[in-house]
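1. A predicted structure for the sequence below; I have some questions about it.
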2 protein chains.
Amino acid sequence: MASIKKNSTNNINKEIIIARCSEAYAMDMIGTRWKLSVFYQLKHGPMRFSALRDSIGNVTDRMLTLHLREMERDGLVIRTVYPEVPARVEYSLTESAVELQPVWEYLRAWGKRHMDRQQGLTPAPLHDTLD
Amino acid sequence: MASIKKNSTNNINKEIIIARCSEAYAMDMIGTRWKLSVFYQLKHGPMRFSALRDSIGNVTDRMLTLHLREMERDGLVIRTVYPEVPARVEYSLTESAVELQPVWEYLRAWGKRHMDRQQGLTPAPLHDTLD
DNA sequence: ATGCTTACTTACATTTTTGTTAGTTCCTTA
DNA sequence: TAAGGAACTAACAAAAATGTAAGTAAGCAT
């Protein structure tokens, strides 16, 4: 998120998948840590930076900024600066972002169903756990 | 994916989000590099490990194994071993995984629309790029 | 006994994402 | 002149995901 090495195998694989698969393109754009929270908070209208940060909780300024910047670049949020003092900056969802709503709803329902199905039959953890 | 530190801030944040938000739970389970490709390939029926690897292309044995193991643990794929020689192992989608199909379809359409909207108006890259 | 194939595993290296801490800038009010 | 709040940015550190290269087990054919 801070700097990317264009010709790493990692990045090349990512771009190959994205190029041939719009689902992957979409997933890549919406799948990182704080983006879902941003969608969720902005669902009912614009919010300023600090309100967003406080209502999400647990995000640092830096993390929120990084994710918002990516979302802005990707056409998912709009950033509006009001020339007041102290500064007021509001974020809102774009048309495209609003159109993702059905996905969240479906995934929410699916998630609940699946979680229930998995109850009780969850096997041992897959990875080593330190601590 | 190899080892996770239970009480890192990173992991704790992740678990907080997952705990209060089934969409996040779902996204967490389906959002890593090769999983979408696995869903896609297995859509029409079971496949053996090598076929999966070859049809995805660009995956290494290790990466494919890791992702399949997670998906198995998470109730998304079923692993069936046929006691032949050389070994034959087939992977297939679970009910739950099949029920994700609408999501892929929606995201595919959304991805295309959004990609078009973004055409031409793509600003400069967000991050530094080395090389 | 050796080689062959499939489906892995191991040990290690690199890249990417996430987090920590401490600034900075702008203008305003005390 | 100093303090203050909002919205950041910079430098650095840690954790997690991904990739590379080589090796392993099982057992049949040679």
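-> Sure, I can see it.
2. point out the residues in chain A that sit beside DNA strand D.
-> Contact residues (CB under 7 Å from any atom of the strand) of chain A with DNA strand D: A:2, A:8-10, A:13, A:48-51, A:61-62, A:65, A:68-69, A:79, A:85-89. To be clear about C-beta, it is placed using only N, CA and C from the backbone, and glycine gets the same treatment.
3. make a ChimeraX selection of the buried ones in those residues.
-> Burial among the residues of chain A next to DNA strand D is assessed by 16 or more other CB atoms under 10 Å in any protein chain shown; the matching ChimeraX selection reads:
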select /A:13,49,68,89
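4. out of the residues of chain A next to DNA strand D, list just those in strands.
-> If you go by DSSP state E, the residues of chain A next to DNA strand D have A:Arg48, A:Arg79, A:Arg88, A:Val89 in strands.
5. what is the nearest of these to chain B?
-> Nearest to chain B among these is A:Arg79, at 12.1 Å by CB to the nearest CB.
6. run through the bridge partners of A:Arg79.
-> A:Tyr91 (DSSP bridges).
7. need the contact list for it.
-> By CB atoms under 8 Å, 6 or more residues apart in numbering or on different chains, A:Arg79 lies in contact with A:Leu68, A:Glu72, A:Val89, A:Glu90, A:Tyr91.
8. at the geometric centre of chain A, which residue sits there?
-> A:Lys35 (1.8 Å; CA atoms, centre = their mean).
9. which one is A:Arg53 nearest to, not counting chain neighbours?
-> Once flanking residues are discounted, A:Arg53 sits nearest to A:Leu64: 5.3 Å by CB to CB, 6 or more residues apart in numbering or on different chains.
10. picking that back up, can you give me the separation between the residue nearest to the centre of chain A and chain B?
-> For A:Lys35, the distance to chain B (CB to the nearest CB, to the nearest Å) stands at 9 Å.
11. A:Leu68 is in contact with that residue, correct?
-> No - in this structure, A:Lys35 is not within contact of A:Leu68 by CB atoms under 8 Å, at 9.1 Å.
12. could you give the angle of the helix or strand hosting A:Pro102 to helix B:101-118?
-> Using DSSP states H and E, A:Pro102 sits in helix A:101-118. Helix A:101-118 and helix B:101-118 meet at an angle of 150 degrees, taking axes from the mean of the first three to the mean of the last three CA atoms, to 10 degrees as the criterion.
13. enumerate the positions of helix A:101-118 that are buried.
-> Judged by neighbour count (16+ other CB under 10 Å), helix A:101-118 contains these buried residues: A:Val103, A:Trp104, A:Tyr106, A:Leu107, A:Arg108, A:Trp110, A:Gly111, A:His114, A:Met115.
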